[in-house]
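**Student:** show me how the following folds:
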Amino acid sequence: MFKGGIRKQIPLYTRAGWITAWIFIVVIITLSLRMCVGALDCSRKTEPAEIQHYFTLGAVDGRQGRQAALPEAAMENPLLRNAYNKGFRQGRDAATAVIDSKQ
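**Tutor:** Just a heads-up that it's a prediction; the model follows:
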């Protein structure tokens, strides 16, 4: 098996590094799964009309040049937050295009 029957032991710092790496990997995987399950749960509960409402709300805020202020319901729901942000960007871009075309 081993030469002379002596088994070399892995150093303590190497074992500690392996354990730390595995703990880190498990934590990252757990957080990723939690985010995925939360996003799926929110997308299942959210109506398409509600998504459209937040998109238009963001577009209006973007066109008027207001600071992006998300309502409380959108803070917890990533689908609504993404719809609002997408509408805000499109509204801001549309307002900037109008200003640029006047010059």
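**Student:** continuing past the helix or strand hosting residue 29, what's the next helix or strand?
**Tutor:** Per DSSP states H and E, residue 29 falls inside helix 12-45. Per DSSP H and E, the first helix or strand lying C-terminal to helix 12-45 is helix 48-64.
**Student:** just checking, next helix/strand downstream of that following helix?
**Tutor:** As assigned by DSSP H and E, the chain's next helix or strand after helix 48-64 is helix 72-76.
**Student:** so what touches that next one?
**Tutor:** Residues external to helix 72-76 that are found in contact with it (Cβ atoms under 8 Å, 6 or more residues apart in numbering): 42, 54, 80, 81, 83, 84. Every C-beta, even on glycine, is put in place using the N, C-alpha and C of the backbone.
**Student:** those residues, buried ones only, as a PyMOL selection?
**Tutor:** Applied in PyMOL, the following selects the buried portion of the contacts of helix 72-76 according to 16 or more other Cβ atoms under 10 Å:
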select buried, resi 54+80+81+83+84
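**Student:** which of the contacts of helix 72-76 sits closest to residue 64?
**Tutor:** residue 84 (14.1 Å; Cβ to Cβ).
**Student:** my guess is the closest one contacts residue 60, does it?
**Tutor:** No: with contact defined as Cβ atoms under 8 Å, residue 84 does not count as touching residue 60 (10.5 Å).
**Student:** residues contacting residue 42?
**Tutor:** Listed by Cβ under 8 Å, 6+ apart, the contact set of residue 42 reads 76, 77, 78, 79, 80.
**Student:** the residue positioned nearest the centre of the chain: what's it in contact with?
**Tutor:** By Cα atoms, centre = their mean, the chain has its centre lying nearest to residue 78, at 7.4 Å. Residue 78 makes contacts with 38, 39, 42, as judged by Cβ under 8 Å, 6+ apart.
**Student:** again with residue 38
**Tutor:** Shown in contact with residue 38 (Cβ under 8 Å, 6+ apart): residue 78.
**Student:** got a pLDDT number for it?
**Tutor:** Model confidence at residue 38, expressed as pLDDT, equals 83.
**Student:** then residue 35?
**Tutor:** 88.
**Student:** ok, it to residue 53 distance?
**Tutor:** Separation of residue 35 from residue 53 (Cβ to Cβ, to the nearest Å): 24 Å.
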